[in-house]
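Participant: Provided below for reference: sequence and predicted model.
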Amino acid sequence: MIRRMRRGTWVLAAAALVAGSAGAGAQCAPAPDSPYFFRELTQRREQAKLAEDRAFFENLLSPTFVNRARFIAAELDVRRSRPDQAAITIRNFTLLEHRKGFVVASYERVDRQSDRWLRDVYQVEDGRWRLAASETVHPANQLGGT
C-alpha cells in the first residue's frame, strides 16, 4: 500500500511539474500594453517592410492615420530603394507616455546606411492597438517635442 501511495505521489508531482512548465511557457508572451509588446510590434513592422507585407500595415495603421496610403507606400518602398537592409536594429526603445489606450514610443532605428530616431503614437481602436502617427525626430528632441 505504501508503494502504491509513493507511486501516486510521483505521478501527481510529475503532472504538477508538466502543468507548471506549460503555464510558464504561456506567460512568455508580452502583455498587450507593456514596453516589450510595443518593441516587438516595432520589430514586426520592420520585418513586414522587408517582406513587403501590405496587409500588415493595412491592419496596423489607424483609419485616421494622416496620409495613410502614402505612409504605407513609403514603408514598402524602402526595401526596393535600399535592398541591403537585411540587418535592421531597434535600439533605445522607451515609452514616453503610457496611459490606458494611448502610448507614445521613442526608439532608434539603425540599418547599414542610416541611423534615425522615430516617435510612434499608438491608440486602442475597436479593441486593438493601432498606429495613429509616426514621425522621424532629431536625436536631441527624441524625448520631447519636435
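Facilitator: Yep, that arrived.
Participant: lowest confidence element among the helices and strands of the protein?
Facilitator: Each helix and strand of the chain was given a mean pLDDT (mean pLDDT, DSSP states H and E); the minimum falls on helix 2-26 at a mean of 44.
Participant: Which helix or strand lies directly C-terminal to that helix?
Facilitator: Beyond helix 2-26 on the C-terminal side, the first helix or strand identified by DSSP states H and E is helix 35-51.
Participant: avg pLDDT for that next one?
Facilitator: The pLDDT scores in helix 35-51 average 92.
Participant: From the contact counts, what lies against the following helix or strand past that helix?
Facilitator: As assigned by DSSP H and E, the chain's next helix or strand after helix 35-51 is helix 54-60. Applying 3 or more C-beta pairs under 8 Å, 6 or more residues apart in numbering; DSSP states H and E, we find helix 54-60 packed against helix 35-51, helix 68-81. Bear in mind the C-beta positions are built from the backbone N, C-alpha and C, glycine included.
Participant: Going by neighbour count, which residues in helix 54-60 are buried?
Facilitator: By 16 or more other C-beta atoms under 10 Å, the buried positions in helix 54-60 come out as 56-57, 60.
Participant: Columns mean neighbour count and distance to residue 109 on top of the helices and strands packed on helix 54-60, output as a markdown table?
Facilitator: As requested, these are arranged in a markdown table below (neighbours: other C-beta atoms under 10 Å; distance: least, C-beta to C-beta, whole Å):
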| stretch | mean neighbour count | distance to residue 109 |
| --- | --- | --- |
| helix 35-51 | 16 | 8 |
| helix 68-81 | 14 | 11 |
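Participant: of these, which approaches residue 121 most closely?
Facilitator: Smallest distance to residue 121 across the helices and strands packed on helix 54-60 (C-beta to C-beta): 10.9 Å, for helix 35-51.
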